[in-house]
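Visitor: Quick one, what's the 3D model for this:
(one chain, ligands or ions: 1)
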Amino acid sequence: MIEVTELSKGFSGKKAVDSISFSVDKGEILGFLGPNGAGKSTTMRMITGYLPPDSGTAVIDGFDILRQPIEARARLGYLSETAPVYPEMTVREFLLFCAEVRGFSGKNRDRAADVAMDRCFLASVVHQPIHTLSKGYRQRVSFAQSILHDPAYLIMDEPTDGLDPNQKHEVRQMIQAMGEAKAILISTHILDEVEALCPRAIIIAEGRIVADDSPENLRRQDPDYGACSLTLKNQPPAGLMEKLQTIGDVRKETPAKDTDSVRLHIQPRQHQPDFSSQIEGICRRSGADISELFISQGRLDTVFRMLTTQKKAA
Ligand SMILES: Nc1ncnc2c1ncn2[C@@H]1O[C@H](COP(=O)(O)OP(=O)(O)OP(=O)(O)O)[C@@H](O)[C@H]1O
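Guide: The predicted structure follows:
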């Protein structure tokens, strides 16, 4: 388990990370979200031992990153925001070098590099200098470097940043496959990525945690969650609006030009699992002709905006 307890860091008197605590278990992919400058990279750099915290601890599999750095780092893989150094080396040379730094030698060193290249689909560029690679392939090299020693814990800072949609898909598949056995902390700005990869997400703003929940539960915080968008083919029959008002707050939306259709927004007063069938029933009995009915599942981007633009949590 990665256990982060009250980690704090300030720069020039301004708190970048303010008493953050959370844990990540093996088999878990935890999304780490926040706007630019929220403190994600600073937190990750403290967990991986690249930046000393002002206070607080990060413990990896029982080993404190500051007091037992060798044991802790042996269990950690870190994919940082920055591209691999030594751009003149070929992919293989670079990974062999990194494996050596990790303490591998001889056949074990070769094997570690080969397995990592294989897992990151680098076969076609093994002998190519890193500076000649596309951004997507450079990212895969960074990925390979972070898993050379098959760490049980992976910290990944924006692993799909700048990749094209196909590359993003491939990297996500790699992360998903590894997430079955490892504990993975992954920072990203891409909310779709969180929905696709992370059963749990932490949102930080101004260095503090403002949410820690599943994407599904986070979406429920959207004020529109559970609301119904209803399109009728014609003007509502007499009495329909009043009947709909008994089960929710009804708002008529501006109709599209050149059409008779009417769009209604119905907000339930409390959560109603059978809301859509209630609305269908009322419309049927009133003789209204439905062309579209949609129940909002809430949007993570709305909740993200709500949580990260509010004033700093008390
Ligand atoms: N070495 C540093 N010296 C001074 N200030 C720093 C340093 N590193 C980070 N900061 C500041 O700390 C705050 C948090 O930065 P951090 O890079 O952790 O944010 P982030 O959430 O990773 O942002 P992004 O999504 O843009 O990468 C920012 O205000 C940043 O300017």
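Visitor: Return the distance of Asp213 relative to the ligand.
Guide: 19 Å (CB to the nearest ligand atom, to the nearest Å). For every residue, glycine as well, the C-beta is placed using N, CA and C.
Visitor: er, Asp249 I mean
Guide: 38 Å.
Visitor: can you tell me which helix or strand that residue belongs to?
Guide: Taking DSSP states H and E as the criterion, Asp249 maps to strand 248-253.
Visitor: Report the buried residues of that strand.
Guide: Gly248, Val250 (16 or more other CB atoms under 10 Å).
Visitor: outside of that strand, which residues touch it?
Guide: With CB atoms under 8 Å, 6 or more residues apart in numbering as the test, strand 248-253 has contacts from 227-228, 241, 244, 262-269, 275.
Visitor: So which of those is the closest to Glu170?
Guide: Ala227 (36.5 Å; CB to CB).
Visitor: list the contacts for the closest one?
Guide: Per CB under 8 Å, 6+ apart, neighbours of Ala227: Gly248, His265, Ile266, Gln267, Pro268, Ile295, Ser296.
Visitor: Select from those every entry located in helices.
Guide: Taking DSSP state H, every one of the contacts of Ala227 sits outside helices.
Visitor: Show the buried residues in these.
Guide: Of these, these count as buried by 16+ other CB under 10 Å: Gly248, His265, Ile266, Gln267, Pro268, Ile295, Ser296.
Visitor: Redo the residues you listed as JSON lines? Include distance to Glu193.
Guide: Shown next, in JSON lines, are the buried ones among the contacts of Ala227 (distance: CB to CB, whole Å):
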{"residue": "Gly248", "distance to Glu193": "33"}
{"residue": "His265", "distance to Glu193": "29"}
{"residue": "Ile266", "distance to Glu193": "32"}
{"residue": "Gln267", "distance to Glu193": "30"}
{"residue": "Pro268", "distance to Glu193": "30"}
{"residue": "Ile295", "distance to Glu193": "25"}
{"residue": "Ser296", "distance to Glu193": "21"}
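Visitor: Glu193: which element?
Guide: Assigned by DSSP H and E, Glu193 belongs to helix 191-197.
Visitor: Tell me the helices and strands packed up against that helix.
Guide: With contacts taken as 3 or more CB pairs under 8 Å, 6 or more residues apart in numbering; DSSP states H and E, helix 191-197 sits against strand 29-33, helix 165-179, helix 300-309.
Visitor: For it, list every residue counted as buried.
Guide: If you call a residue buried by 16+ other CB under 10 Å, then helix 191-197 has these buried ones: Leu191, Glu193, Val194, Leu197.
Visitor: Same question for stretch 300-314.
Guide: Leu300, Thr302, Val303, Phe304, Leu307, Thr308.
Visitor: can you count the residues close to the nearest residue to Gln297 once chain neighbours are set aside?
Guide: Of all residues not flanking Gln297 in the chain, Arg219 sits nearest, at 6.1 Å (CB to CB, 6 or more residues apart in numbering). For Arg219, the count of nearby residues is 20 (other CB atoms under 10 Å).
Visitor: which residues touch Lys68?
Guide: No Lys there; residue 68 is Gln. Counted by CB under 8 Å, 6+ apart, Gln68 has zero contacts.
Visitor: my bad, should have said Gln267
Guide: Taking CB under 8 Å, 6+ apart as the test, what Gln267 contacts is Asp224, Ala227, Gly248, Asp249, Arg251.
Visitor: is Ile290 in a bridge, and if so with what?
Guide: On the basis of DSSP bridges, Ile290 is bridged to Leu232.
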